[in-house]
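S.K.: here is a sequence together with a model predicted from it:
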There are 2 protein chains.
Amino acid sequence: MMLEEYGKRAKAAARALACAMTEEKNDALLMIAAAIEENAPAILTANAEDLENGRANGLSDALLDRLALNEARIAGIADSLRQVVQLPDPVGRVLEETVRPNGLRLRKIAVPIGVIAVIYEARPNVTADSAGLCLKSGNAVLLRGGKEAIRSNIALAQVMRAALEQTAIPADAIQLVTDTTHESAQALMHLNGYVDVLIPRGSKRLIQAVVQQATVPVIETGAGVCHVYVDKAANVEMAADIIENAKTSRPSVCNAAECMLIHRDIAAQALPVIAERLRAKHTVIRGDARVQSILNGACEAATQDDWGHEYGDYIIAARVVDSIGDAIDYIYQYSTGHSECIVTDDADAAAEFMRRVDAAAVYHNASTRFTDGGEFGLGAEIGISTQKLHARGPLGLRELTSMKYEIFGSGQVR
Amino acid sequence: MMLEEYGKRAKAAARALACAMTEEKNDALLMIAAAIEENAPAILTANAEDLENGRANGLSDALLDRLALNEARIAGIADSLRQVVQLPDPVGRVLEETVRPNGLRLRKIAVPIGVIAVIYEARPNVTADSAGLCLKSGNAVLLRGGKEAIRSNIALAQVMRAALEQTAIPADAIQLVTDTTHESAQALMHLNGYVDVLIPRGSKRLIQAVVQQATVPVIETGAGVCHVYVDKAANVEMAADIIENAKTSRPSVCNAAECMLIHRDIAAQALPVIAERLRAKHTVIRGDARVQSILNGACEAATQDDWGHEYGDYIIAARVVDSIGDAIDYIYQYSTGHSECIVTDDADAAAEFMRRVDAAAVYHNASTRFTDGGEFGLGAEIGISTQKLHARGPLGLRELTSMKYEIFGSGQVR
């Protein structure tokens, strides 16, 4: 099938879905969740073929793990869909209401975006998660997963579409692009007139390729080079707690810390405490000259490549700074605008950091790991935006809506 | 100067501007307004050269009119800047505040977008208007106007930058790209890492070129194929008032109506009344067979090219429809999602139209000409977005902001 045909069907489905009642969408989500559980054997069979193929093609263990499904993971996928049912419907919210001097009544209300395309890699759970969030927010979705997971994705999409056939929601609200060639991704990136927004999910390489090449609107997600700045007025134990958590609780995710900046006045006192905690978690420190001198060899030497580096691993860069201003300047230079943190008991320092650091999330005395749709109270998320247009930070259901003005008059002309 | 150099300077200026106080920004706007008035002679001299050059190059009268400045137009530019001073500062607004069960306090606040680039054509007033709106919203602006207005733009930009030199705002907050070659526009469209959003203003051709080619985020503006649907339960006089106004009060603008759809049950009664009004305004109707039959030759025959056509002139397409559903389907097919109107006394019909028509502004019993930042109470606007991401409809100061989360903790880890 040509990509344009997918686009046409998605657009037609989006038009119907935009007017669907909350109950109809929730019923559909519950049907899909049940169908995925019922059809677990078929989905697992398809997944086993993907895994076998992946092993034959020499996929890494990490990639194979992301690709793998099992009974528990399928139950997790179904549970996620049921959690989306519990979230409030973001469509139809009245965002603003005003009456103009000429008597015109303006109402700004939330509406679906329309057709959302998602390009992703080898994780089949993204197929169901994205479909669920798009459906609840009234958007048709075009899914284009990686070739490694294609059999699993086809199985999941078939089950979801068959479930929709029994509901008020058109099956074309969820479509999987089964062609996994480079050309199909390219065509999707250029499907202007059909795709209202394209969300890339996955590696930095994938995301940058989409940002560089797409002509449809894109929401950039992902890359997180997050810093924790330990101010001279920091509580050292709290700083150690936060850095340990931000670095080691899940190093592969985008809200994990990659670098710590320590004020020179507290460095000699704080660094040994923090280093001890990190050592216990088998985490390597790569420090500048002052850090090396304080830790007396209990760290590696940082090179220029370590600044602004997203390790995604048990490694953290470390640097002594002369002032809060230096810390802010350093973050300005190396941050990806994801999540940044100051640890301090000084309210003025915290206020300065909050005001001057430009990132989706700026923290005072809390771990950067909280940047997450669930932790922020948005429910599930389809990604974390690191761009400034449309939405910044976790992309929950509300961020998957647009708006329109409804204007009520009594014959007004201009 | 290379485009990247402009980008670097803009980014540095944006960083300072993001933290500027409202008063500092307002003072700067007043200084600029005064400087433009004081330097009117120099600006007019530059403009006279542009006009002379334009005439020599055979520019149309309409284009020369858009290009022309005079004392009154310069006073108008200064007044617009003073009006922006009166508008509330969109930066720092608290958009949301929540406390999570773990005690984390989240605050979502409005921040500037950063660097806004504007590509436009021959209207020098866009130079000052865009600079004023970007400055007030805390954004640095990169202006790239057309070659026809380059001398006027250079004069305006020099005056504005010189005025900024006497304020707390860096002069690089306003930069004009003086290279008006195709290559400079291309470079600006690909200035990723420096340009946070690019807004094209001008012809459909310009806007489409930017949408197709840019790799930086773009807000699509402009094209307006707006419809007025006269329902069977319409007040005929009101319908005639609205269509006359929507078509003829300013046919060249994007919120002007291009097509009227008349319900068959009211067509024989309403069309002659509406046609008479339009005739008095020297407006040509291009009707389908049923319209032609009712108007008995007092209209031209529409061809397929007339549907979805943006005339920007004293011409309106007309069509008889069998039902409100047909009207909505027709609008779905031909609308650009700008402004759509239903005229009816039937509340149910109005509600159906409001719900099912997807456009930036949907009107009940009022002229489409009201889609405008000033009329909506937003103050001045930098354009009207016809896309669904980030902002839809008039782009006022608030639409020129992004947001960030500030998170206040007491040592929370995850």
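M.R.: The structure has been received and is ready for your questions.
S.K.: which residue ranges form the helices in chain A?
M.R.: Assignment of helices within chain A using DSSP state H yields the ranges A:3-18, A:22-38, A:40-56, A:61-67, A:71-86, A:125-136, A:150-165, A:182-189, A:204-213, A:236-248, A:264-280, A:289-295, A:324-334, A:347-356.
S.K.: redo the ones you listed as a markdown table? Include mean neighbour count and distance to residue B:383.
M.R.: For the C-beta atoms, the positions are set from N, CA and C on the backbone; glycine is no exception. Formatted as a markdown table, the helices of chain A follow (neighbours: other Cβ atoms under 10 Å in any protein chain shown; distance: least, Cβ to Cβ, whole Å):
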| stretch | mean neighbour count | distance to residue B:383 |
| --- | --- | --- |
| helix A:3-18 | 20 | 25 |
| helix A:22-38 | 19 | 34 |
| helix A:40-56 | 17 | 47 |
| helix A:61-67 | 14 | 42 |
| helix A:71-86 | 17 | 35 |
| helix A:125-136 | 25 | 29 |
| helix A:150-165 | 22 | 39 |
| helix A:182-189 | 18 | 25 |
| helix A:204-213 | 16 | 23 |
| helix A:236-248 | 23 | 41 |
| helix A:264-280 | 18 | 48 |
| helix A:289-295 | 18 | 49 |
| helix A:324-334 | 18 | 30 |
| helix A:347-356 | 17 | 29 |
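S.K.: please identify which of those is closest to chain B.
M.R.: Across the helices of chain A, chain B has its closest neighbour in helix A:236-248 (3.5 Å, Cβ to the nearest Cβ).
S.K.: contact residues of the stretch 1-150 of chain A facing chain B?
M.R.: A:15, A:18, A:19, A:98, A:100, A:104, A:106, A:111, A:113, A:114 (Cβ under 8 Å from any Cβ of the partner chain).
S.K.: go with 6 Å
M.R.: Contact residues, the stretch 1-150 of chain A versus chain B (Cβ under 6 Å from any Cβ of the partner chain): A:98, A:104, A:113.
S.K.: tell me what whatever residue of the stretch 251-400 of chain A ends up closest to chain B is bridged to.
M.R.: Proximity of the stretch 251-400 of chain A to chain B (Cβ to the nearest Cβ) peaks at residue A:366, 2.8 Å away. Beta-bridge partners for residue A:366, by DSSP bridges, are residue B:412.
S.K.: show me what contacts it?
M.R.: Taking Cβ atoms under 6 Å, 6 or more residues apart in numbering or on different chains, we find residue A:366 in contact with B:104, B:407, B:409, B:412.
S.K.: check residue A:392 too.
M.R.: A:360, A:385, B:402, B:403.
S.K.: in ChimeraX, how would I select the buried members of the residues you listed?
M.R.: Burial among these is assessed by 16 or more other Cβ atoms under 10 Å in any protein chain shown; the matching ChimeraX selection reads:
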select /A:360,385 /B:402,403
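S.K.: out of the contacts of residue A:392, which comes closest to residue B:298?
M.R.: The shortest approach to residue B:298 among the contacts of residue A:392 belongs to residue B:402, at 52.7 Å (Cβ to Cβ).
S.K.: with residue B:36 as the reference, measure out to the closest one.
M.R.: 29 Å (Cβ to Cβ, to the nearest Å).
S.K.: can you redo the helices of chain A as a markdown table with distance to residue A:227 and mean pLDDT?
M.R.: Supplementary listing: those in a markdown table, determined by distance: least, Cβ to Cβ, whole Å; pLDDT from 0 to 100:
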| stretch | distance to residue A:227 | mean pLDDT |
| --- | --- | --- |
| helix A:3-18 | 40 | 97 |
| helix A:22-38 | 38 | 98 |
| helix A:40-56 | 35 | 98 |
| helix A:61-67 | 25 | 90 |
| helix A:71-86 | 31 | 96 |
| helix A:125-136 | 28 | 96 |
| helix A:150-165 | 36 | 98 |
| helix A:182-189 | 32 | 95 |
| helix A:204-213 | 18 | 89 |
| helix A:236-248 | 9 | 98 |
| helix A:264-280 | 14 | 98 |
| helix A:289-295 | 14 | 97 |
| helix A:324-334 | 5 | 97 |
| helix A:347-356 | 11 | 97 |
